[in-house]
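J.: fold the stuff below for me.
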Amino acid sequence: MPARAVADDASALCGVICLAACCKSRSRGPRSMRSTATHQSGGSSQTSTSLFWLFKQIWSLLDKSDKLWLGGGAAALLMASLMNLLMPPLVASALLSSVEKRGRDALLASAGKLVLVAAAGSVFNGIRAYAFHLARNRFLQTIRNRAFNNLLKQDMSYYDRE
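T.: Numbering: from 1, shown residues only. All right, here's what the predicted structure looks like:
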């Protein structure tokens, strides 16, 4: 995925989260939301929103199936990382068996292990990408639906500007 598309997705996600949070907090008043409280110190704007609070808010917006997809994607990520860690010793073993002339069978065994680990890593990477992509799309759809429903519930005076 191009870097531009990733940046666009991230900015769209942040915008939708802010819109959903603003619509959700409208009934509580504008001062009750922690993400909008900012203060100036030394010329730099700092928000009082902690990263933990943001993840907690995002986690609360996820459905149970989305959480399962994220868990599966994380498990596939760990397995793919393990496969990537196994690659250098297997490559070294294949090279040593060819250099030390242990025989064709030793070289084929080392190469076979290398191919199996590479194939398993590719499968786990595919599962990871699919699971995270599916969870991301379902999450964005949920946020957009909630934001739109909250906008529909607002009084007409909400949209009036003076």
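
J.: longest helix anywhere in the chain?
T.: Ranked by number of residues, the top helix in the chain under DSSP state H is helix 104-153.

J.: just checking, what packs against that helix?
T.: Other helices and strands packing on helix 104-153, by 3 or more CB pairs under 8 Å, 6 or more residues apart in numbering; DSSP states H and E, are helix 3-25, helix 51-61, helix 64-99. The way it works is simple: take the backbone N, C-alpha and C, and place the C-beta from them, glycine included.

J.: could you redo the last one with a cut-off of 6 Å?
T.: Here helix 104-153 touches helix 3-25, helix 64-99, going by 3 or more CB pairs under 6 Å, 6 or more residues apart in numbering; DSSP states H and E.

J.: tell me what angle that helix forms with helix 64-99.
T.: Here helix 104-153 points in a direction 160 degrees away from that of helix 64-99 (axes from the mean of the first three to the mean of the last three CA atoms, to 10 degrees).

J.: now the angle from helix 104-153 to helix 51-61?
T.: Computed by the same axes, to 10 degrees, the angle between helix 104-153 and helix 51-61 is 80 degrees.

J.: pick out the shakiest of the helices and strands packed on helix 104-153, pLDDT-wise.
T.: Looking at the helices and strands packed on helix 104-153, the lowest mean pLDDT belongs to helix 3-25 (a mean of 53).

J.: run a quick neighbour tally on residue 138.
T.: Number of residues near residue 138 (other CB atoms under 10 Å) recorded here: 15.

J.: wait, I meant residue 146
T.: Neighbours of residue 146 under the rule other CB under 10 Å: 16.
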